[in-house]
Every structure is written in C-alpha cells, then in structure tokens.
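Visitor: predicted coordinates and the sequence they were generated for:
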Amino acid sequence: QVQLIESGGGLVQAGGSLRLSCAASGRTFSHLHTAWFRQAPEKEREFVAGISPSSTYSTYADSVKGRFTISRDNAKNALYLQMNSLKAEDTAVYYCAAGASGWGPTAIFDFWGQGTQVTVSS
C-alpha cells in the first residue's frame, strides 16, 4: 500500500511559478510509475505529466509542455511538479498518482493523493 500526500498548491498570478510536491509512504515507491493529474471545476480529470521509476522516461500533456517539469527523488520518496509561466487555465486541483503499469496518460494508477488546489489569477 502506498499513501500519497500533495503539497505546494496556492494562489499565484498569471506568469508566476509554483512547485508541487507529493510525499509517498511505503517502500515500493521507487518501483512505481508516477504522474500528475488535474481536475478543473466542471471538467474531467486530465493527465498532466508522468515519469518512470528511474526517471529515464517522462511525458507531458501538450498544454503544459515546455512550462511544467516533472521529477522525482526516490531516496526521499517524493514526486515533484515545477510549474512555470502559469496561466489562468492551469487552475485546478492537482493530484499525484502512482502505479505499476506505466507513466503515460493511458496507464492505470492504483494510488492517488487527496489533491492540492492551484489557482492562477489573470
């Protein structure tokens, strides 16, 4: 079992930056694929970025490519999302997720955090 707790959300002006963190419990974190998703009000949850267990591979949604960077530190059981050049449309609840099947948008993620709110004012 893996528990995930996100932090780092908040209110930021358009063009600003935020760094989200996800702290994981459990000794299997380093073997799991991980990702960030987000869900805006009245919209479906969408994939943001994913990264393989050893950080060899990563992938991003087109909407965040070039602005967001996903990373992880297995020694700290942590996942990160650096968000730069934030836009109003990035406003959403951001969730970290982990699973064994893959790091892309179609992978199945078995473990989810509770989410952290990111609000970008225009």
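Guide: Great, that's in hand.
Visitor: separation between V120 and A92?
Guide: Going from V120 to A92 by Cβ to Cβ, to the nearest Å gives 9 Å. No exception for glycine: its C-beta is placed from N, CA and C like everyone else's.
Visitor: how about the nearest residue to S55, chain neighbours excluded?
Guide: The spatially closest residue to S55, leaving aside those adjacent along the chain, is R72, at 5.9 Å (Cβ to Cβ, 6 or more residues apart in numbering).
Visitor: strands paired with the helix or strand where that neighbour lies, and their directions?
Guide: In this assignment (DSSP states H and E), R72 forms part of strand 68-73. Taking DSSP bridges as the criterion, strand 68-73 forms sheet pairs with strand 78-83 (antiparallel).
Visitor: strand partners of the next helix-or-strand element following the strand it pairs with, parallel vs antiparallel please.
Guide: For strand 78-83, the succeeding helix or strand toward the C-terminus, using DSSP H and E, is strand 92-99. Within its sheet, strand 92-99 is paired with strand 33-39 (antiparallel), strand 111-112 (antiparallel), strand 116-121 (antiparallel), according to DSSP bridges.
Visitor: so the residue most central in space within the chain versus G10, what's the distance?
Guide: Central residue of the chain (Cα atoms, centre = their mean): W36, 2.4 Å from the mean position. Distance, W36 to G10, by Cβ to Cβ: 16 Å.
Visitor: what residue ranges in this structure score low on pLDDT?
Guide: Applying pLDDT under 70 to the chain flags no residue at all.
Visitor: where's the residue nearest to I5 when sequence neighbours are not counted, which helix or strand?
Guide: Leaving aside its sequence neighbours, I5 sits nearest to A23 (Cβ to Cβ, 6+ apart; 4.9 Å). Using DSSP H and E, A23 falls within strand 18-25.
Visitor: any chance of the backbone angles for F29?
Guide: Per-residue torsions, F29: phi -50, psi -40 (degrees, to the nearest 10).
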